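J.: Structure for the following, please:
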Amino acid sequence: MSSKVKFQSLTGMHDILPADQPYWRKVSRTVESVAGYYSFQRIDTPIVEQAEVFTKGVGQATDIVEKEMYMFRTKGGDTIALRPEFTAGIARAYIEHGMYNLPQPVKVWTTGPLFRHERPQAGRYRQLHQFNFEALGDKSPSLDGQIIQMCYDILKELGFKNITIEVNSIGDSECRPYFKKILASYFKAHKSSLCSDCQRRLKENPLRILDCKDEKCQRVKAGAPQILDHLCDNCRKHFKEVLEFLDELQLPYTLNPYLVRGLDYYTKTVFEIVEKTDEGTSQGSLVGGGRYDGLIKLLGGRDTPACGAAGGMDRIVNLLKTREDLKKEMAKEVKNPPKVAKNEKEQKAEIFLAQLGQLAKRKSLKLFEEFREAKIPVAESFSKDSLRTQLKAADKMGIRWVIIVGQKEALEDFITLRDMTSGVQIEIPMHKVVDEMKQKLK
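T.: This next block holds a predicted model:
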């Protein structure tokens, strides 16, 4: 009798065995912790959607839709698809459930399986798993900075060391069409040097050529025009402010003028967080995302700015499994899985961080991160500019302490602390704020 197993998992699909579960729990717990601190709420969307959600939202000419998406026709004649990514489905849910009537931005997160019929390789599967953040209804560059910070925090807390953020702006509907013409003209002059896929992309969307990993296309791409030289005033201002947030947060980033991401819905900011080898070469993207201000309207909703990111859990877990310092810890957890705490109360925020002006926003985002590292919950409303609106929000939440960072405070490195119960205000040097608040919360 043959010893060959009769049934095996499908190509590109894989089992997550008991020995692997502690690694997955570690990633999931870290994602949930960071999401919770930044006030992102859990959402789960169906694995199956109408195919048009993705063909229209992600883009008909993208590799995901054109080559990788699992599409089926039902007995009733509907064309449906297994979700290849989260964002379009969450955008559909935002419209369908009238979430534009909620206080904006609506901040949600999720994890789960996605499906792409691509060539399986290390860390890349046909059934893959991602974590995902989406913030809908806010155009502020501070949101871009916050999303990037969250993704960076997750990787740092998981022990990744040689990571850097690659960032670019791909413009919007005002400046991108003109740049695409310039780009198409350049690639037409080098058409014979492009791979067959990119020769086809040249007609449909020349931006996709910048995303091609083929070596000969990479050589042609190296001399291509850069979109940063052709941004409109609005996109240039937005990108400048995003970089100022990254500078204030002291996040390691490099400008990658050819980073476009593989989906059509992106506008303005795009980014990827990559791990570098000791030789300085990239080992591939761990997390990526950006702004998608036109997607909600494209799917039939209102004109709604939005920003998001997704991280590849399979790739992250595979890298964690190579770390010797984790192997013993994870092996112990297999034998003694952690108990799920029942009725564990969430720590309620007793501090509200209010800010006024662009410089104050940057300082506040950094201060917010310092409170997170100190494990002190803080509420915020970075999308609001009015102090009165922010104080009302703090009062509605029943928060006693409001930290105010205005233009004067930001320039002189102090904060104004208001006691909402007594109305008394005091000034505290910026570098002492976290320690002072620890004492007041005892």
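J.: Quick one: mean pLDDT for stretch 114-133?
T.: Mean pLDDT, computed over stretch 114-133, is 88.
J.: how many neighbours does residue 417 have?
T.: 19 (other Cβ atoms under 10 Å). For glycine as for every other residue, the C-beta is placed from the backbone atoms N, C-alpha and C.
J.: Would you mind measuring from it to residue 372?
T.: 19 Å (Cβ to Cβ, to the nearest Å).
J.: Do a quick rundown of the helices in the stretch 1-150 of the chain.
T.: Ranges of helices within the stretch 1-150 of the chain are 21-37, 51-57, 63, 87-96, 141-157, based on DSSP state H, counting those that start in this stretch.
J.: And the helices in the stretch 151-300 of the chain, which stretches?
T.: Taking DSSP H, counting those that start in this stretch as the criterion, the stretch 151-300 of the chain contains helices spanning 176-188, 196-204, 215-221, 233-248, 295-298.
J.: Minimum distance to residue 285: which of those has it?
T.: For residue 285, the closest of the helices of the stretch 151-300 of the chain is helix 215-221, at 15.7 Å, according to Cβ to Cβ.
J.: Now for residue 244: which residues touch it?
T.: Neighbouring residues of residue 244 by Cβ atoms under 8 Å, 6 or more residues apart in numbering: 141, 358, 362.
J.: before we move on, the earlier item: of all the helices of the stretch 1-150 of the chain, which one is nearest residue 223?
T.: Smallest distance to residue 223 across those (Cβ to Cβ): 23.5 Å, for helix 63.
J.: ok so, going back, could I get the helices of the stretch 151-300 of the chain as CSV with mean pLDDT?
T.: Putting the helices of the stretch 151-300 of the chain into CSV (pLDDT from 0 to 100) gives the following:
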stretch, mean pLDDT
helix 176-188, 93
helix 196-204, 87
helix 215-221, 90
helix 233-248, 96
helix 295-298, 95
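J.: quick one, which of those is nearest to residue 75?
T.: That would be helix 295-298 among the helices of the stretch 151-300 of the chain, by Cβ to Cβ, at 29.4 Å.
J.: least reliable of the helices of the stretch 1-150 of the chain going by mean pLDDT?
T.: When I compare those, helix 63 is least confident, with a mean of 77.
J.: Show me what that one is packed against.
T.: Helix 63 sits against no helix or strand, with contacts defined as 3 or more Cβ pairs under 8 Å, 6 or more residues apart in numbering; DSSP states H and E.
J.: who touches that helix?
T.: 118, 208, 262.
J.: that older thread, tell me which of the helices of the stretch 1-150 of the chain sits nearest to residue 376.
T.: Closest approach to residue 376 among the helices of the stretch 1-150 of the chain (Cβ to Cβ): helix 21-37, 9.8 Å.
J.: Excluding residues flanking it in the chain, which one is nearest residue 317?
T.: Excluding the flanking residues, the one nearest residue 317 by Cβ to Cβ, 6 or more residues apart in numbering is residue 23, at 4.7 Å.
J.: Provide a list of residues in contact with that neighbour.
T.: By Cβ under 8 Å, 6+ apart, the contact set of residue 23 is 317, 320-321, 326, 330.
J.: Now which of these would you call buried?
T.: Those of the contacts of residue 23 that meet the buried threshold are 317, 320, 326, 330, by 16 or more other Cβ atoms under 10 Å.
J.: Might you calculate how far the lowest-mean-pLDDT helix or strand in the chain sits from the centre of the chain?
T.: None of the helices or strands of the chain scores lower by mean pLDDT, DSSP states H and E than helix 63, at a mean of 77. Centre-to-centre, helix 63 and its host chain are 20 Å apart (Cα atoms, centre = their mean, to the nearest Å).
J.: and if you look at stretch 201-213?
T.: Its chain's average C-alpha position is 23 Å from that of stretch 201-213, according to Cα atoms, centre = their mean.
J.: CA atoms only for it, dumped as PDB, please.
T.: Output in PDB follows, covering the C-alpha atoms of stretch 201-213 (Å, rounded to 0.1, in the frame of the first residue of the first chain):
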ATOM      1  CA  ARG A 201       0.400  48.000 -18.500                       C
ATOM      2  CA  LEU A 202       1.800  50.900 -20.600                       C
ATOM      3  CA  LYS A 203      -1.600  51.200 -22.300                       C
ATOM      4  CA  GLU A 204      -3.800  50.600 -19.300                       C
ATOM      5  CA  ASN A 205      -1.900  52.300 -16.400                       C
ATOM      6  CA  PRO A 206       1.800  53.200 -16.700                       C
ATOM      7  CA  LEU A 207       2.000  53.700 -12.900                       C
ATOM      8  CA  ARG A 208       1.800  49.900 -12.500                       C
ATOM      9  CA  ILE A 209       5.100  49.600 -14.300                       C
ATOM     10  CA  LEU A 210       6.800  51.300 -11.300                       C
ATOM     11  CA  ASP A 211       5.500  48.400  -9.200                       C
ATOM     12  CA  CYS A 212       7.000  45.700 -11.400                       C
ATOM     13  CA  LYS A 213       9.700  43.500  -9.800                       C
END
